[in-house]
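Engineer: Kindly return the folded structure for what I paste below:
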Amino acid sequence: MQPLKNPFGIIDPDEKPKQYQSNPFDIQNDELNENIKLGDNVENQEDKHLLFDSSKQYPQDIIDDDIPLLEDLDITSPLLIQQRIMSVLFFQKCDSEYLEDPDLSGPTLIVASLGLLPIFTGKIQFNYIYGIGLWGWLLLYLLMNFMIQQQGKQIEFYKILSYLGYGLAPIVLLTILSLFLQLNSSFGYALAIVCAVWSTASVSKTFDTILGLQHRRLLIAYPLFLFYCTFVIITIF
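Structural biologist: Predicted coordinates for the structure are as follows:
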């Protein structure tokens, strides 16, 4: 039996250090780029820069598959909602996407504003706004489909909701003014009529564009005017 060499761990200065095999997975930092050594498993030198390489170009299809959060939740972006509200307020030409597939995020925000803003003046009008709004939307949906059925067309209910909802944007401005001004006066009545006509003209133009009402635009403008007058009356009183 041979005695153990150096049983107390004393280092012999004459002893040469053992040469250990380099770690095939040894990670080194070189000029802020960390490269990984894969040893004999790497066939090409380009494969050594797979990890921690800031210059690596990822496939374009992987980047394109990332869906924005608002789009994933089926919520219209605030910028697009702002553009559509501006198109109603300034009679601008609506984008084709809005005409073909309108959203309900903007109208929901507008109707919520009509219900929340009067709270600052001590008025709670949610029941009137939602009640009149739903009945008005339903009646206008039936009326418009009745008018265009001879043309073989049909408009979906959610489109009616979207167009009429965006048309309430001028009345939201009237509601904001009611926080600072007393609208129960001659000036307030005149301003209310202007807002009702403003909303009617904008929405009737949209329906004329998508339905081709032509000379029947004034015929649909009359029930629209009555519809928006109800919201104006709620705002003033």
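
Engineer: rest of the way, CA atoms for contacts and neighbours
Structural biologist: Noted.

Engineer: Could you pull out the buried residues of the longest helix seen in the chain?
Structural biologist: Scanning the chain for the helix with the most residues, using DSSP state H, yields helix 186-211. Within helix 186-211, the residues scored as buried using 16 or more other C-alpha atoms under 10 Å are 188, 192-193, 195-208, 211.

Engineer: Which strands and helices lie in contact with it?
Structural biologist: Here helix 186-211 touches helix 78-89, helix 157-166, helix 169-178, helix 217-236, going by 3 or more C-alpha pairs under 8 Å, 6 or more residues apart in numbering; DSSP states H and E.

Engineer: Next, the buried residues of the third one.
Structural biologist: The neighbour-count criterion (16+ other C-alpha under 10 Å) identifies Ala169, Pro170, Ile171, Val172, Leu174, Thr175, Ile176, Ser178 as the buried residues of helix 169-178.

Engineer: do the last one as well
Structural biologist: By neighbour count on 16+ other C-alpha under 10 Å, the buried set for helix 217-236 is 217, 220-221, 223-225, 227-232, 235-236.

Engineer: which residues touch the residue nearest to Leu161 when sequence neighbours are not counted?
Structural biologist: Take Leu161 and drop its neighbours on the chain: the residue closest to it by C-alpha to C-alpha, 6 or more residues apart in numbering is Trp137, 6.5 Å away. Residues in contact with Trp137 (C-alpha atoms under 8 Å, 6 or more residues apart in numbering) are Ile160, Leu161, Leu164.

Engineer: And Trp137, how close does it get to Ile110?
Structural biologist: 15 Å (C-alpha to C-alpha, to the nearest Å).

Engineer: For the residue nearest to Leu161, I want the exact helix or strand it lies within.
Structural biologist: helix 126-148 (DSSP states H and E).

Engineer: Ile124 now?
Structural biologist: Going by DSSP H and E, Ile124 is not in any helix or strand.

Engineer: Could you pull up phi and psi at it?
Structural biologist: phi -120, psi 110 (degrees, to the nearest 10).
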